[in-house]
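Novice: Output the structure for:
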Amino acid sequence: MTDGFLDRELKPLYLRLYTPVRNPYPDGMNTGRYWFLLAIVSLAFPICGQQSDTPAQSAEDKAFAAITEQMQKTQAGEENPTDADLKVRREAGLKMSALVNQFLKDYPKSKHIEDAQALGNIGLYEATLAGDETAAGKLQQNATEALKDPKIPEELKLHTFVINHIAQWAKSSGKRNLSQGSAEFEKAYMEGFFAAVDVLPDKEAIFKMLLLQAKSGRELTPAEKRSIAERVAKHPQASAVIKAEAQNILSGRKAYEIGKPLDVSFTAVDGTKVDLKQMKGKVVLVDFWATWCAPCVADVPNLKKVYDAYHAKGFEIIGISLDEKKDELLEFTKKKGMPWPQYFDGKHWNNDLSFRFGISGVPTKWLVDKKGILRRTGVTSFSDSLLADHPDLKKGSLEYLVKELIEEQE
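Specialist: Below you'll find the predicted structure:
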């Protein structure tokens, strides 16, 4: 996929209801609550969104924006919708679907085609939940047709299948409002993925998505995570590699631990050989990120500032990119002047390194000290303006921590 709308803050929604398709929301929109729904396409899409350098909107961009505007209306009443709110949701969901159909006719070669299709399904999902029988039938039809269409990407098929699975379950259960953080939603979401294993060919990718939730699903209890891993470990269609990973989760073995050496080695996208074992004496920031992630993009100037200030003193950055297109990654890093090496395998949320470490959201930053020991996870780099307004944040900032580790005696 290209710089997709669904790749943004909607990943949590995709990963749940809408799994890791791309984020269909414009920059700045509060889409965290949609993350699971849209996530399915990205597990099928990610948690961030790419920003545009072009302020003027084309007719195509306006048509796409009109779809996303309706999405906000599908959440009328939020957690406690009235009958009037449900009516607004039904109308907005059907309107989304209609706008998507028109968009596909008017812009058949648009880079937003897959994102638009995903959004159309989300509209039908929301209308179904709000009680519209027509939307339920259309969503079922879309799911059936998607499975048979060789032109539709596997991740979009997964998105459509799981959304429909949840919608039909909600309809048969009489659910009009299904909270994404509820136990009911969690169960329907996971069952959708296990059902998808039986009908979609890329079973390895689906199992990895399930195991990622078993490793680091933020809304899941330890018991729920363990249950997922147990089912995957016993699943007849899981490969030996997948079953071994599930057993690692069940045994409590982790690929990293604060206070222990961190094992990361790879050949960067530019051909550079990277191995943390060979970087002893350096303070290293391991940055899990993507060009489609708005917070990641916004953080680049802060990273560059710290890099420029401390690189000569022994500070390095290695990027772990969750992008899907190598040319887009190379173009972005060149344009932004990011000289540090980047790991890239084009697997998105199934990126080999991020999956091994259970990374379920970007940006995620880790700091490794001069002895190769992982010292910090969840590192944040703050802008100068933010630190000026909140000086209490300084001791937790990337620059402060890097300086502290560089000055630390070995």
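Novice: Only the buried residues of the longest helix along the chain, if you could.
Specialist: Determined from DSSP state H, the single longest helix within the chain is helix 83-106. For helix 83-106, burial by neighbour count (16 or more other CB atoms under 10 Å) applies to 85-86, 88-97, 99-100, 103. Backbone N, C-alpha and C define where each C-beta goes, glycine included.
Novice: same deal with stretch 190-201?
Specialist: Counting neighbours by 16+ other CB under 10 Å, stretch 190-201 gives 190, 192-194, 196-197, 200 as buried.
Novice: do stretch 319-330 as well
Specialist: Quick answer for stretch 319-330 (16+ other CB under 10 Å): 319-325, 328-329.
Novice: Just those residues: which are in helices?
Specialist: Among the buried residues of stretch 319-330, the members falling in helices (DSSP H) are 328-329.
Novice: Sitting in strands, which of the buried residues of stretch 319-330 do you find?
Specialist: If you go by DSSP state E, these have 319-321 in strands.
Novice: Of those, which is the nearest to D115?
Specialist: S321 (20.1 Å; CB to CB).
Novice: which residues touch that closest one?
Specialist: 269, 289-291, 329, 342-344, 351 (CB atoms under 8 Å, 6 or more residues apart in numbering).
Novice: again, only using 6 Å
Specialist: 329, 342, 344 (CB atoms under 6 Å, 6 or more residues apart in numbering).
Novice: same check, this time on D345
Specialist: D345 is in contact with 351-352, counting by CB under 6 Å, 6+ apart.
Novice: Quick one: the ones in strands among the buried residues of stretch 319-330 as TSV, columns for distance to S227 and pLDDT too.
Specialist: Shown next, in TSV, are these (distance: CB to CB, whole Å; pLDDT from 0 to 100):
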residue	distance to S227	pLDDT
G319	34	98
I320	29	98
S321	32	97
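Novice: just to revisit the earlier point, which among the buried residues of stretch 319-330 gets closest to F357?
Specialist: For the buried residues of stretch 319-330, the nearest to F357 is I320 (8.6 Å; CB to CB).
Novice: Pretty sure A143 is one of the things T160 touches, is it not?
Specialist: Yes - counting by CB atoms under 6 Å, A143 is a contact partner of T160 at 5.0 Å.
Novice: May I ask you to confirm that A56 belongs to a strand?
Specialist: No - counting by DSSP: H, G, I helix; E, B strand; the rest coil, A56 is not part of a strand but coil.
Novice: Can you give me the neighbour number for it?
Specialist: Neighbour count of A56, defined by other CB atoms under 10 Å: 6.
Novice: Look up how far E79 lies from it.
Specialist: 38 Å (CB to CB, to the nearest Å).
Novice: What of L178?
Specialist: Relative to E79, and taking CB to CB, L178 is found at 10 Å.
Novice: Who has more neighbours out of these two?
Specialist: Applying other CB under 10 Å to L178 and E79 shows that L178 carries more neighbours, namely 18 against 10.
Novice: tell me the contacts of the residue nearest to K277 when sequence neighbours are not counted?
Specialist: Nearest in space to K277, with sequence neighbours left out and distances taken as CB to CB, 6 or more residues apart in numbering, is G372 at 6.3 Å. Contacts for G372 (CB under 6 Å, 6+ apart) come out as 261, 276, 280.
Novice: Now a PyMOL select for only the buried ones of those residues.
Specialist: A single PyMOL command selects the buried members of the contacts of G372 (16+ other CB under 10 Å):
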select buried, resi 276
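Novice: Specify which member of the contacts of G372 is nearest to E69.
Specialist: L276 (45.7 Å).
Novice: Could you report the neighbour count for the closest residue in space to that closest one that isn't next to it in sequence?
Specialist: Closest residue to L276 apart from its sequence neighbours, by CB to CB, 6+ apart: V264 at 4.8 Å. Counted with other CB under 10 Å, residues neighbouring V264 total 24.
Novice: F193 reaches L212, doesn't it?
Specialist: No - the pair F193 and L212 does not pass the contact test of CB under 6 Å, sitting 10.7 Å apart.
Novice: thinking again about what came up before, now distance to Y307 too, for the ones in strands among the buried residues of stretch 319-330, in CSV please.
Specialist: CSV is the format used below for these (distance: CB to CB, whole Å):
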residue, distance to Y307
G319, 11
I320, 16
S321, 16
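Novice: Going by neighbour count, list what's buried in stretch 137-151.
Specialist: 138-140, 142-143, 146.
Novice: Going along the chain, name the helices of the stretch 1-150 of the chain.
Specialist: 11-13, 35-39, 59-73, 83-106, 113-129, 133-148 (DSSP state H, counting those that start in this stretch).
Novice: do the same with the stretch 151-300 of the chain
Specialist: Under DSSP H, counting those that start in this stretch, the stretch 151-300 of the chain gives helices at 154-172, 183-197, 203-216, 222-234, 240-251, 294-310.
Novice: Quick one: list the elements packing against the fifth one.
Specialist: When you say that, I think you mean helix 240-251. helix 203-216, helix 222-234 (3 or more CB pairs under 6 Å, 6 or more residues apart in numbering; DSSP states H and E).
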